[in-house]
Every structure is written in C-alpha cells, then in structure tokens.
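Enquirer: here's a sequence, model it:
(4 chains)
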Amino acid sequence: MSIRKEHGNVSETTFNSPVDIGPLSAPDGSVTVADAASTTKVQIRGGADTGAAAELGVGYGRSQRRADGALVCGTRPDEWTIYAGAGQASAITAALSEVFGHFQGEPGEGFVTVIDITHGRAMLRISGSNATAALNKICNLDLSDELTPDGAVFSASVGNVGCDLVRDDEGGQTSFLIGCERSFGKFLFIAVADACTEFGLSVPHGWELHGH
Amino acid sequence: MGKRPPKYSAGALIKHGLTRGDWPRMWRRPEMRSSYDVVIIGGGLHGLATAYYLAENHGITNVAVVDKGYIGGGGSGRNTAIVRSNYLTPEGVAFYDRSLDLYNTMATDLNLNIMFSKRGHLTLAHTDSALRTMHWRAEVNKLQGIDSSVIDAQEVKKQAPSLDVSQNTRYPILGALHHPPGGIVRHDAVVWGYARGADVHDVHILQETEVLDIMVEGGSGPGGKGAGGKVTGVKTSRGDISAPIVVNCTAGWASLISNMAGVPLPITTHPLQAAVTEPCKVFLPTVVVSGSLHVYVSQTDRGELVFGASVDPVGTYRVNGTLEFTEELAGHVLELMPGISKMRLLRQWSGLCDMTPDYSPVMGNTPVEGYLVDVGWGTYGFKAGPVAGETLAETIATGRNADLISAFGIERFTEGDLVGEKGAAAVGH
Amino acid sequence: MSNRLTAQPGEIIDRSTSLSFTWNGKAVTGHQGDTIASAIAASGVDVFGRSMKYHRKRGILTADHWDPNLFVQVGDEPNVRAGSRRLEAGMVVSTQNVWPSLEFDLGAANQLVGRFLSSGFYYKTFMRPKFLWPLYQKVLKKFAPGGRIHWETSTHDAYDKRYVHPDVLVAGGGPAGMGAALAAADNGASVLLVEQYGDLGGHLLWGDDAQRAQGADLAAACRAHANIEVLVDSTVTGRYDHNWISVMQRSHDIAPERLIKARAGVMVVAPGLVERPYVFAGNDTPGVILSGAARRLINLWAVKPGNRAVVMSANADGDAAVADLERVGVEVVAVLDARKGESIVSVEGKSRVSKVALSDGRTLNADLVVTATGWTAPTSLLNMAGDRPVYDATAARYFSNSLPSNILATGGITGDGSTAELEAHGRATGVLAANRALRRRHDRVAQTARSNDPAWDKPAEMADSRTPLNRVPHPECYRSTTHGMVDFSEDVSSKDLIQASKEGFDSIELMKRYTTVTMGPSQGKLETVNAAAVLAEANQVSMAEIGTTVWRPPFAPITLGALAGRIHEPVRRSALQDWHDAHGAAPLLAGQWVRPDHYGDPMGEADNVRNNVGLIDVTPLGKLDLRGPDVSKLLELVYVNKWSKLDIGRVRYGTMVAEDGVVSDDGVTGRLGEYHWLMTCTSSGAGAVWEMLEDWLQTYRPEWQVHVTAVTGGLTSINVAGPHSRTLLERIVEDVDLSADAFPYFSVRQGTVAGVSDCIIWRIGFTGELSYEVHVPSGHALHVWEELLAQGEDLGCRPFGVEAQRILRLEKGHYIVGQDTDGLSKAPTAGLGGLVKLDKPDTIGLPELKAAYERTDLPILVGVQTDDPEIVPEEAAQIVDGGSNTILGRITSSRMSPTLGRSVCLAQVDPSLAAAGSSITVLLADGRRVTATVQEHHAHVDPEGARQRV
Amino acid sequence: MIVVPCPNCGPRNSGDLRNCGELVPRPDPSTASLVEWREYLYMRKNPADWVTETWYCRGGCRRYFTIERNTATNEIRGQEAS
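Expert: Numbers count the residues shown, from 1 in each chain, chains lettered A, B, ... in the order given. You can find the predicted model right below:
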C-alpha cells in the first residue's frame, strides 16, 4: 500500500479554527476583535503541595509573561494554563517534563498532570480603548482597572458562554484574551463582535447575532 | 347554620343599584373560640376549600381556618390562575380532572362568578423528546377520557396566531399538546367564593392569627411530638385553641408548620415568580406553555399578559423577586412571539412553592394522629385547590385517606414509591 | 386655536424647530422639547382619551410620566406616556380605548348604567344561565383597555444591555440627587446619576429664576465631573437583593431602550415627590389638573392650561401655581385655601370643566380647576429594599422606616426644604454614601483573586450624622364631601372602595384585589395614599393603621424588548459542522448542539452502514480525560459495574445511577494508559457528569489523586461504521494494527490517522456493525474527515446523520437514557441485570440499587415487534390490558427497520408481560388496538453481536 | 441576583454559580438502613433561618464550598447587608 506514505505528519500549525474570519475593527480603531484559536494552550494541574505554583510563578487569578513570550496564567486554584504562539505545544510540554518529571497521572507527592488543550479551546482577542466597555455589555464582572488590572486571570460568562479570560494589554492598549470550549467558539466570536457594534465595528453578513 | 346571604345575580345587582343599598360582608370577623373540632392552618384556597367541603359535604362546621395575614394572601393570590387536567400519570390525571369538574360548576355551586375562561391550553414542543412526552401525556389522557391531543405547528398557529411557527428559529415549534378544557380563572374570586361558602356554615375565618406551635402529646420525638403522638391543639398569636384535628395547608411555609408537630417533610421552599404586562387589545386567545423555554403565558380579558416560569433555582423564603426572572422571561416570550417586544412589563411578584422531589403533593394522615397535611403543591396548588379540599375533607370525616389521594401519602418517601409526574413537570402550566 | 403662550423664561422648547406629527389623523406641529402631550395641548386639545370602564372623557391631569389620562398609541407602540415621551417628527399618535371615535364612543353608554357596575359587579352576575357566560366574556374582552400591539408586523428590535459597577448610584437628578452625586464623586466614588426626565434639575426646572439658575449650575457641575456618569431620560426601575439595580435607559443611539444592570455599592434614592389628586365629584373632568401640571405646562412648554381658574391650594406649590397662572393671563376666579378648610365640592362639565361648586356654597363658572393637596412619596425603591413606610399625620405623607446600610434616601421623600437645604442634605448623603461604598469596594478588591491588593487604605466607618430635613406640616386633605375618582386608570371611585370595605375587603391588599385600585399602569403612584385614606375612613381607623400596599418592581414599566435585550442563546458546533452545512445536512438542534439529522435519505444512510461503511460526526458525545492513580476507584464509585480490573487498551460500557437509584447517564470508558482514561457520557449529561465527578473528588474523596479535564470539543469524534470500516481505516491509520486479533472488540488504541498524531481509536458498536470511533484533535478534524471520505469512496463510504444512527441503534436494541428510561427508571428497568455489582463497599445509589433488585414490580425494558410488521406504533403509544384502559407500559422507541423490513420497538412493560413471547396490546394514536410480541432480546438485528465482532 | 462570596474568586453573582442546596451528610451506604438513606435523599430542614448550604463555582474556580445563608433574608454570613 502506498497510501500511507501520502500523508506524513500534519503540522501543528495547519490548524482549522472554528472562526474562519479575519480581525474585525471599528473604523476609529477603538475596538478590534481577532481570532486567536491557534494559540497553544497547555494546562497544568497540581495541588498547592506539588510546588507547581512556585515553579510556575503565579497564583490563581494572576498571570506572568515569560521571557520566551509565553503567558503563564493561574486559571484555577490548582490549575495553570500556558498560552503561547501556534505550534508550540510539544516544546512546552517537553520543557515541563524537565521540571515536573512524569506528568501523565502517575502517583506521588507531587501529583501533577499536563494536557495540551489547544484543540479544545477556541480563543479570541478583543483590544482597544473601548474593549472594556464592549466586553462589559455581555460580561457581568467589574472589569475596571482596579478589579481587573493588566495580568488579571478570571473565568466568567461572556454572552452566556463560559470563558477563561486574561487581561493582557498590548502596547499600553487594553486587551483581553478570551478562551472557551471549542464548540462555542463561533458563537462567542459573534457575541463579542455584536457587543462591539455600539463602538462602530460592523459585522459582515453571516456573523450577525441571532435574535433581532 | 348561619343565615344564607342574599344571592348574587343580575337581578340583585339591579336592585342594589337602584336602592343604593350596601352588600353584606362576604365573610365575617368572628370571635375566636377556645376549641374547635378542626383547625385548618392557612387561609388560602386549599384551607378554605377544605373548610367549605367539611361543612357542605360532611356537616362538620365547628371549624376554624386561621391565617397569619389576610385570606388568599399567599399562593392563592399570586399564581397565574391556569387550570387543566392533562397530567402524565394516571393518578395525576384522575385527581386534576376532578378538580377541573369542580371548577366547571363552581360559579353556580358557590354563587360567585369565578370567571372561568375555558380557552384551551397549549403545551409547545420544541424538540423531538418534548414531542414524545406530549404524545405520552396525550395517550394517558385519552385513556382516562381527557380531551387532549398532539397538534402540529400549523394547527398551533391557528390556535395562537401570534406564535412564530417558522422552523428556522432557535427553538422551533414542532407541535403542541392541545387541551381544550384548560383555561384561566379569576383566582382571588375562588378564594372569596369558598370563604363566603364556609362562612355561611358558620366556619370561623380567623385572619391575622398566626400559629406559633402545634400541641402534640405522646410522640416519640422531643417534647412528645413526632411519630406516634396525638394532636391536642394549636397555640396562636391570639391564644390557644384545643382541637383533635389540625390540618397544615400552608404551602411555602409547610415545613415550618410541620416541624412544629415533629413531622419532617420532603420539601424545599422556592419562590415562583410571575409578571404581568400593561393591557393591550386582546390578541392571544389561549394559554401557551413552553417547557423548554420555561415560560407560560395567557392574556386576561382585561388585556394584560400574565406570565410565569419555573421556580427559582435557589431556595429562599424571600419573595422580593429577581431581575433575571424578567429578563429570561422576556427573552423566551419573544422567542415565541417576536412581535410583542413593545409590550411593557408592569409588575412582577412571587409566591412561595413547597417543592417535593417528585413534583407531586403530600396529602392526608401523618404519623401524628390528628395532624394532616395538604402540602408539597409546588407550582400546581391552584389547579388542585377544589379537589384537594374535597378529598381532604373526606379524609378528615372518614379518618382514612380518600382514594383519589392514595398515591400522595407521606409514606411514599420512606417506601421509595415516588410519583412519576416530574418528567412532565419542568414547567407544566 | 393655539394655547401656546409667548416665550416663557424657563421654557425648554426650541421655537426655531417645527416637528410635524398627526393626532387622530389630523396634522399638528410642535417643537423640539415638547412632549407629545404638551404639543397636543398647545394645539388646543382638551380631551386626550376615554376612561377604562365608563369611557368618560379625560384630559391632562399631571402632565408627567404618571399621568393616567395620557396613554396614547404611537405607530405600532401602545400605551405610550404622552406626558413624558418627547415629541418626534412623523409620529402617528392616536387615542386608545375608544370606539368608534374619541368624540363619539359607544362605550360611554356604561356611564348610564354606572350605578350597577360597582366594583366587583362581575363576580355577582353572569352565573346563570351557564351557557351565556362565554358570550358575556366576549363582551368583557371588548372593553379591554390599552392600545394595540402590532404582533403581525413588529419584530424584536435591536435592544441592548450593559453592566455597570458604580460605587454610588443616585436615583433622581433633582437638587438633592445632584448634591449627593457631586459629594460622592468629590469623595472618590464612581457615580451613576440617573434622571427620569429629559434633563437634570427636577422641580427646579419649572421653578422661578433663582431655582432654575441653581439647577443649571448643579447640572453643569455633574456633567463636568470625571467621576459621574449622567443618564437622563432613564429610570431606576428596580432594586433587588444585594443592591442589584436595574436602570432603563431610553434615547440611546443604538437602542430604543437599554437595560443597564448595576451592582452598586450604595444607592441614593432621591426621586422627589409625586403630587396627589384630590377626590371630589367630577375630579376626572378635563380641565381639572394638579398644580404641578399647571406649572410644567406654563413654564416648560409655554402652554396656557385654561382661561378661568379655580385653585385649591394646601401648600406653597399651589400658591406658586396661582402666581404662574396669573402671570400668563389666566383669570383666577377663586383661590381656596385648604389650610383653612376651604375646598372644592364638585365640578360639572363633560368635555371640559364648566362649573365649580365650592365648600362655601358658591358655584362659579370656570374652565380650569387646579389642586395642590399634597404628596405621595414614591418610596418604591425603598420598599424593594425591605422598607415599610410609616404614615406621618402631621406632614400627611409616608416616610421611610428602616433601610439597609447600602441604601440612603434624600430629598423630598425624606422631608421638605429650600433648594439649598435639599442640596445640602443631598451632599451630606453623598459623603456618607461614598464612605460606605468605598469601604465595600476595598473589601471587594481585597477579596478578589484577579485584582492586586488594594493600594489604598480602607476608610474608617463614618456615622450617619446628617441633619434631617424638616417635615413641614400639611393638612390631611384627601377627599371632599362628595365622592370622586381615586384610581383614574382603573375607574375606581371612593364610593367603590367604601363599598368594598363593607363587603369584607377591609384590608388594603384585599381591597386592592377586589376593586383593582392601584393595579393600573401607574401602579399606585397617584392613588395609593388616597385609597388608604378612603379605607381608613371606611374602617373608621387612622391612616397609620391601614398600612400600604407593597410596591413591586418595576418602578416604571419596561418593554419586553429591553428586558430580553440581544438574545444570547449559544449554539455549539463541531469542527465538522460547516462541512455538514455545505453538504446538505438537515440541521437538528439537540440541546445546545446543532447536528446533522440526515443528508437527505436517513433510511438509505442506515442501509449503507449495514452494507458498506458510513461516517457520523458524534462530537457532542461528552468526553472527559481522567488521569491519576485513583481513577479506577472513582469509576467503581460512579458506575454500577466493576472497573478495577480493566486492562490498558480496553474499553467498557458503564451505567450511572443517581443516589436514588434512577439511571442517570451511560457511556463507554477506556483505559489509555496505566493512569490515563477517557470517559464518554451522553451529550446532554456531559456537564452534569463532570460536575458530579468534581463533587466527589473535592467533597468526599479529596485524598484521591485524579484530575478531570473536559475534552468534548477538543476531540472531534467520528464513528466509522460498517463492514468496510476496517478496510477503510487500514488505508489511513499508520501505526495501529487494526486486525481483529490485535485490536479486538471493546478495545482502544492511540495512533496517527491521516497523518494526524494523537488520535484515539476505540472499537465499539453502537450501530451493531464493525465500527471504530476515531477521536481526532479538532484543529485537524476536517482533514481526517475528508481523507476518510476520499479514501473510502470506492468502499461506498458516505456520511450518515443522527436519524440513521437512531434507526441503527434501535435495530440493535441499545437503549437511550432519558428516552427508553425516565425519571423513575431504576437499574432493573433498564435491564442491567448482569452488569450491576451490588457487593461493592460504595457506589452512588447503592442502597437503592439493592432495594430495587429486591422488587418484582418495576417495569422492564423489552424489545417488541408488532404482529403486523407494517405498523410503527408512535413513541409513547400506551400498552394496555387488552380492551380495557389499564396501562401496562408504553412504547419508548420505534422505527421502521430498513434491515428487517419491519417495525422494531423498545418498550417499558409491566413485569407480567416481560417474558419473551408475551403478547401485548398497543393502543395507537388513532385509537386502534394492535397486538405485538415481546422479544427475547432488546436487539432486533444480530442479537448475538456477530457482526460487530468480526 | 444575589452576591455569593466564593472563597477563591471573591464576590460573584449567584448566576455564575450553582446552588446545591442544604448540606445533608451522606450516610455510609454499606451500613445505612433504607429509612436513613431516604431521609438523606428526601427530607430537608428547610428552615426560614440560617442554613448551611453548598455552592459550586461553575463559572469561576469550579470549586465546591459551603456558606451560611439566611433563607428569610438572603443575608450571607461574613458579607455586609443585603
């Protein structure tokens, strides 16, 4: 059989996003919504007794950008997520194995597991001077600078979709990374883009919110 | 027996109009006695109906109905006034069908127009599985002679033209269970009718009388209460009453009252919210219910839309109401009827529901002799009021649980024989 | 005839503009700044509508939002408050509740028989003859008040919502509210200031020059303050637990109405006061207005309210109205001082007041009656916060009694004062509000994981040392010696209320229910105090003993559109759903998921699976990744069967029950590695199963080392089913030996599929055929799906949908939790006999499982075939006892089987009918009773499972 | 929409969480009588008073925790007035 040879390994970067549409921006640039589903997402689970917190450097609710550009987030009290550029899951996982040794679920004092959730999570980024105002139309948390400063990590409902969020400002511009279960990805993008229409963003045909 | 009050009729109205005479009280404010044959706690529909049927059917008239506030101030005055009998289980169907019979003749029986509007009742199905449940109900109903059938979306549109039956919506209407005998009733009038009917027989309606304790002796629990005990009376805010029979008809407060007798209940108390819009010209001729969308709606003859939903998920005795109830309600109503977004919500309110694990009531005798319950009505109490009163009166008079309520005894929770009404009951109005 | 005055110093109309609109078909013009009512009044109209019951002519009463006589239809919008809605060009305005016309309304015949239509009359009649009642009802319906909703053509417009988190929310933009907002903002609080009308200022807007100047200064300061967001034409409509506050914002660019949901640290309630009508005969005649209406009409909109006026005044506002009237040339023929006991007895007139009878015996000709008899404190928002107001007989109004610490009141509802005094009280309230709110904010910041620790010290708690406003004595004047209207929108008179009390409706709540007083569109804003006063009179008790009805939300009505907002109903899509859409799949909404129901021919799709090979996207299947040394213990606990000895590479079917023994979920779970498992569960149950596992691990078994990760959407699940499935997979699976010996039934392998590594393949058979379920990382799923179709083309590989799968699984007799079981079905009903292990130390629902297996009366799920193979009984068809109506079970699933060419069913039956070969009677929906036979197995096709084990 | 103080996330709207009801201790299933078991399944104190109840922080940290709430007032201990 020759068929097998035709395949070869599919690269991690040939990744189909649930959102096949380019970034949308308001004409005045005050808000932009962009797909970021291909972001590498690696989840680490481990209790406080495992030293994972110390190793990863951030507690629940906070994040830190590493020198290599990866963003380490304390997504739950015993859970961290590393966000990095597309296609880096293997490298990040390998590096973590150096730190934690085994992490497929082996027993031990330092019970730590690592799982690549890149494919399981859709992601988008909303940024700009009106990003907070737009997001606050469909997310009930207090997103002011004091309650939700740059680096804040939190989970919340966005347009009725359960999401993991990071406030991750870029170049002094307010910005949020919003991740959700992959199958909700298209709906989340539509809901967020719809919230931005108040600030001038126009939504292309086929991406309107149902219901009005 | 008291003097019959003047009969209500068109002729009487004209006579009073011409003479400008005053109408007598519908019920009096009697002096409380120190003992009664039966004390009924809770002056709502169930308590008053029980008192009425005790007197009317069984000649037991030395009865007090006590209420901490005014009559009909609880669930009886806060429900959405829908009546129907298209339940899922044979026990449920038989029970509610008798209630519907009593509603049908109530205006003449009680000589008070309860404004029964027999306008039909639609339970919409938005999914295959909901449609399957509708078929199930229809089949069980038909076997018991209940007018109930599944109709398709086009027929739904004929029954209620303002519904959107197009199929490309988020919750397409695939069909509905249609129950022509269902309808709405002026709920307060039912309370007043039973109060007036009971008062005729000299039943004492004691408003603003709060029960502080139930006196039990010989029971196995602390203070001689609980299983094996025997009721001797109640302590109230206006003094003690001795009575061999005490009946708990207190709906949302049922647990609090039952704990006084040492009889724990399988009940949690949840608010059930409702809302009404400003009036507009009548356009919705029937009662519409959607279980998937957790909403039921009807339009009164005054033109107001009356809405209800399922109970609040968080148990509480607080009846303040919530904003999210109105938001979800409006969203769901507009899914069904996108053309009415300009109607305005005028008022929201809530009542307390005594929810049981199987969405069926707990009725009849209990392990404490002389202490009876008529509780666990959840969101169904209004529909059942007449038959609950009738069967409870029979149970009190005969000492043994009436046949129609045999499935609803408290012992089913220790014997593990729950009633299967829950499947159809997510929002069953 | 125009009633528009020459320019008034405080007018808010822009005379350079001309807005054309129609009123009952006639062209009218107004100006920017007019309300609908002011523009119509300026054009010389007295009569705006008809009353609800008696269809009496009605005109302006209060000229504000609460005016019960100014409900109009504007285009397709019913019940528009003409007293507060700003005029817009092109509006089509018409009267409601008249037929055939405003001038000639047949309903007015009710006035002739009014003496017979006392409150509650309908309860006392129409009982006999019974058959006539539906006809009476039709007549009653015709009298339904209100406008018309255009449900046929209207749509759900682009409404909108928004969340805000102000430290201090101020309800009311009068002098006290503005003072509070400024002081709170100056003290570091973020403030949302909400004003119901079009501009800040409250009653200062129609006051004298000094008042208007003070109002303008305060408003400018509020608008300029960086910490204050001002919302005008917006209403605080509700206060719910923990200061969850709803605000209805109108006149925003993007939505006709927008619901703002605020979680406020402190709410300052400063709504001012609502003026109360006086009860006397004819008090609803057009031309009888309140002093506030007179002053607003003259000062805001330069509308002359009449020519010859009688004024009854009990307060300074009434006196000011006299001055305003005289200034604009209205002849004031009498001023009655209610403080001296003078009053109006009655008025005459139909379309307009013509004669006024006074308490001194005089009868005067007049076309205008202005009353200023006191106030209602609109304490709704305080009521919603648990306050029960108490009546003060000296001030003749209600005051709040006790408020939670996150609610403060200021302004008119707390007392009386000059503008400066009101502002000062507001400012003191604002300082206190800021203190309390900032203390709360400090706590919130400190307790919230995502925030940094607060960079500021928590302020010390401040005592409430505000100097209360005075309560100026005011005469208790509620009713004259005659009876008149108490509730204008419900047509309820003081006589009705007294009669109701005599009939036993002698508490305010019962009276309300019987007479409908206060139940109309203004919800008691105008009527509550007068109703309580009349009841007190009827019961011969004091006002204080009557209490008030509870004011419920909303404070002012809200459109359903605004409450709904933009509808967010999430839909879940698999990575392949776009492909399904593009290839003609009929969408099926299943819970939150959209799925391919079929691609045009479900029977053919099923047939193709039996004969060739088919692909179905089963991604919605719930999937949980379980890792750790204690997973098998967890599985032992949550499944009814044994799990401790499952080898690596094997999968097993398991059923879950709840603690009450009722079947709750099922699925297969496979062991991928020593410490790594993948669990599947039903699509609809996936979330609940995950939360249940977490509950056990967190609450009851915290010592167990297990990590659960939901991977449903991350793994796209493709079932490859049919006799050619192995051949197909062999073509594209690289590193897994798919032979029957190496990869037997109920096994799992990990490998590379079409070049995609990290795929999980398990060999199971929901369809009863040789089949493999391939779980592909979703970013590559489309590639794998398309490769499967391409490589399988010669094998007849075609996609199949949910309907074909339903047919196939039913042929195979697999039950579906929730369809073939119900809310009472315990393990024995589902036929789990051999599977269930009752000798475990702990399993969810274990005692109930044991009890269930002791019983012999539980229904049993069986395979059933109708004796006539063409008949497919409806799902839910009842199984009855021969010709009787006793129910002995029901058909739970049914389909025509393409494989067998006959119908097949699953049914729950009474145990007496469960033996194979039992003949049962099925009642079809059309009433026919047909016989059917209970089968030996659930499976109708290949009960031995030979096809899936090849 | 009441505010529920999650010990991990801080104050959150109750809609972000799931209320799991009154805390009822689970009897040992290997020794409990059916009567005891069914009391655990069905019987509730349901007081109009302080009750210890479980919440699940569904939208936040995904932890289960207990709080004391007064079912007559919705007041939650350790949190300022309702």
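Enquirer: distance of A:Ala52 from C:Asp857?
Expert: Relative to C:Asp857, A:Ala52 is positioned 54 Å away (criterion: C-beta to C-beta, to the nearest Å). Placement of C-beta: from N, CA and C, glycine included.
Enquirer: more neighbours, the two?
Expert: Using other C-beta atoms under 10 Å in any protein chain shown, the more surrounded residue of A:Ala52 and C:Asp857 is A:Ala52, with 23 against 8.
Enquirer: for the closest residue to the more buried one other than its chain neighbours, what are its contacts?
Expert: Nearest in space to A:Ala52, with sequence neighbours left out and distances taken as C-beta to C-beta, 6 or more residues apart in numbering or on different chains, is A:Gly46 at 3.7 Å. Taking C-beta atoms under 8 Å, 6 or more residues apart in numbering or on different chains as the contact definition, A:Gly46 lies against A:Ala52, A:Ala53, A:Asp78, A:Phe100, A:Gly110, A:Phe111, A:Val112, A:Thr113.
Enquirer: the helices in chain D, which residues?
Expert: With DSSP state H, the ranges of helices along chain D come out as D:34-42.
Enquirer: what residues does it put near chain B?
Expert: For chain D, the residues in contact with chain B (C-beta under 8 Å from any C-beta of the partner chain) are D:1-2, D:14-15, D:18-19, D:21-22, D:34-35, D:38-39, D:41-48, D:71-74.
Enquirer: still on that earlier bit, tell me the spacing between the residue nearest to A:Ala52 and A:Glu98.
Expert: On the measure of C-beta to C-beta, A:Gly46 and A:Glu98 end up 15 Å apart.
Enquirer: and the residue of chain D that's closest to chain C?
Expert: D:Gly10 (3.5 Å; C-beta to the nearest C-beta).
Enquirer: what pLDDT does that residue get?
Expert: According to the per-residue confidence, D:Gly10 scores 94 in pLDDT.
Enquirer: what number of residues lie near residue 22?
Expert: No chain was given, so I picked chain A. The burial count assigned to A:Gly22 is 9, neighbours taken as other C-beta under 10 Å.
Enquirer: I was after chain D.
Expert: In terms of burial, D:Glu22 registers 16 neighbours under the definition other C-beta under 10 Å.
Enquirer: that one pairs with what?
Expert: Note on D:Glu22: beta-bridge partners D:Glu53, judged by DSSP bridges.
Enquirer: hang on, isn't it packed against D:Tyr40?
Expert: No - counting by C-beta atoms under 8 Å, D:Glu22 stays clear of D:Tyr40, with 11.2 Å between them.
Enquirer: before we move on, the earlier item: next step: the contacts of A:Gly46 restricted to strands.
Expert: Applying DSSP state E to the contacts of A:Gly46, the entries found in strands are A:Val112, A:Thr113.
Enquirer: ok so C:Thr709 is a helix residue?
Expert: No - using DSSP: H, G, I helix; E, B strand; the rest coil, the assignment for C:Thr709 is strand, not a helix.
Enquirer: contact partners for it?
Expert: Taking C-beta under 8 Å, 6+ apart, we find C:Thr709 in contact with A:Gln43, A:Arg45, A:Ile115, A:Ile117, C:Leu624, C:Asp625, C:Arg627.
Enquirer: closest one of the residues you listed to B:Lys281?
Expert: C:Leu624 (53.7 Å; C-beta to C-beta).
Enquirer: was I right to think that closest one contacts C:Leu693?
Expert: Yes - A contact is recorded between C:Leu624 and C:Leu693 when judged using C-beta under 8 Å, the distance being 7.1 Å.
Enquirer: gap between B:Arg25 and chain A?
Expert: As defined by C-beta to the nearest C-beta, to the nearest Å, B:Arg25 lies at a distance of 51 Å from chain A.
Enquirer: what is the subsequent helix or strand relative to the helix or strand hosting A:Ala34?
Expert: Assigning secondary structure by DSSP states H and E places A:Ala34 in strand A:32-35. For strand A:32-35, the succeeding helix or strand toward the C-terminus, using DSSP H and E, is strand A:40-46.
Enquirer: alpha carbons only: can I get that next one in CSV?
Expert: The C-alpha coordinates for strand A:40-46 follow below in CSV (Å, rounded to 0.1, in the frame of the first residue of the first chain):
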residue,chain,number,x,y,z
THR,A,40,-1.0,27.0,22.0
LYS,A,41,-2.7,26.2,25.3
VAL,A,42,-1.2,23.8,27.7
GLN,A,43,-2.9,23.1,31.0
ILE,A,44,-1.1,22.0,34.2
ARG,A,45,-2.9,20.6,37.1
GLY,A,46,-1.4,20.2,40.6
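Enquirer: pLDDT of that strand, averaged?
Expert: When the per-residue pLDDT values of strand A:40-46 are averaged, the result is 95.
Enquirer: and that strand, which strands flank it?
Expert: Sheet pairing of strand A:40-46 (DSSP bridges) gives strand A:79-84 (antiparallel), strand A:112-116 (antiparallel).
Enquirer: now tabulate the ones you listed in TSV and tack on mean pLDDT and mean neighbour count.
Expert: Conversion of the strands paired with strand A:40-46 to TSV gives the following (pLDDT from 0 to 100; neighbours: other C-beta atoms under 10 Å in any protein chain shown):
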stretch	mean pLDDT	mean neighbour count
strand A:79-84	97	23
strand A:112-116	93	23
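Enquirer: closest to B:His201 out of the ones you listed?
Expert: Each of the strands paired with strand A:40-46 was checked against B:His201 via C-beta to C-beta, and the shortest separation belongs to strand A:79-84, namely 68.3 Å.
Enquirer: which strands or helices does the helix or strand encompassing C:Ser893 pack on?
Expert: Under the criterion DSSP H and E, the helix or strand holding C:Ser893 is strand C:887-897. Counting contacts by 3 or more C-beta pairs under 8 Å, 6 or more residues apart in numbering or on different chains; DSSP states H and E, strand C:887-897 packs against helix B:128-143, helix C:802-812, strand C:878-880, strand C:902-909, strand C:919-923.
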